[in-house]
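> sequence first, then the predicted structure, then my questions.
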Amino acid sequence: MKVYGFPISPFVRKVHLVAAEKGIAVELALSNPADPAAEFLAASPFRKIPALIDGDFTLCDSTAIATYFEALQPEPSITPGDAKARAKAIWFEEFADTILIAAGGKIMFNRFVSPKLMGKPGDEAMAQQGEKELEPILAYLESQCGDGWLAGDNFSIGDIAVAATLRSLGYVGLEPNAATHPRTAAWYERVKARPSWGPVAALEDKIVSRALGG
Ligand SMILES: N[C@@H](CCC(=O)N[C@@H](CS)C(=O)NCC(=O)O)C(=O)O
């Protein structure tokens, strides 16, 4: 199976983490949405990463791809069985994919992607706007982190999606800070300690370092 994308994207990281949790082998095909290969476009008509090719089956969107992986390989499950826990897991995935990324993406794009990867100056006013928007979002997340996982007793797609997005914020120095957000930082460390995290992060580090000329 091939996943098209670039690993700094939280959506690409999400599907790699889901695959790693489940022991599904995926190959990362580096892909730039601004200069799309025909094979990538066939799988992702709106040019968004990630996209998946599995034989003659193509799919885009991280939530759809994670759902495909969950159906292909149900164990270990990332979808809690309990009604309330399952709904919470979906909420946290949605929170990461729409609310957290909307604020964080403004910072990441303007302080990292544009200046460091695209060679164009970022819009600092937009980054500062993102920082302002991020404050209550991180405060909310802090209020939701306890001793276990975000949706309850079981690790879920909610934990994967939120942690995947927070790792992207690491590119602009905004990974969870134990001094200001201790519960979030402790939960994030627990996610990072899972066996799925290390290999996904190591591959990302290698690709990003190469992209930055390292
Ligand atoms: N809902 C989509 C969002 C995917 C998305 O927005 N990906 C961004 C990268 S983080 C992208 O491809 N942007 C390029 C573009 O919009 O042209 C998902 O979950 O996969």
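All right, it came through fine. Just so we're clear, the structure is a prediction, and the values are computed from it rather than from any experiment.

> only C-alpha atoms from now on, for both contacts and neighbour counts.
Will do.

> measure how far the lowest-mean-pLDDT helix or strand in the chain is from the centre of its chain, please.
One helix or strand of the chain scores below all others by mean pLDDT, DSSP states H and E: helix 38-43, with a mean of 94. From the chain centre to the centre of helix 38-43 is a distance of 22 Å (CA atoms, centre = their mean, to the nearest Å).

> same question, stretch 193-201
That offset, for stretch 193-201, works out to 13 Å (CA atoms, centre = their mean).

> quick one: contacts of that stretch?
13, 16-17, 20-21, 191-192 (CA atoms under 8 Å, 6 or more residues apart in numbering).

> which parts of the chain are strands?
Ranges of strands within the chain are 2-5, 27-30, 51-54, 57-60, based on DSSP state E.

> out of the ones you listed, which is closest to the ligand?
strand 57-60 (6.5 Å; CA to the nearest ligand atom).

> what comes up buried for stretch 187-197?
187-188, 191-192, 196-197 (16 or more other CA atoms under 10 Å).

> does residue 26 really touch residue 2, like I thought?
Yes - using CA atoms under 8 Å, residue 26 is in contact with residue 2, at 5.6 Å.

> may I see the buried residues of stretch 187-197 arranged in a markdown table, with distance to residue 71 and pLDDT as well?
As requested, those are arranged in a markdown table below (distance: CA to CA, whole Å; pLDDT from 0 to 100):
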| residue | distance to residue 71 | pLDDT |
| --- | --- | --- |
| 187 | 27 | 98 |
| 188 | 26 | 98 |
| 191 | 22 | 98 |
| 192 | 24 | 98 |
| 196 | 19 | 98 |
| 197 | 21 | 98 |
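
> having no further points to raise, I will conclude here.
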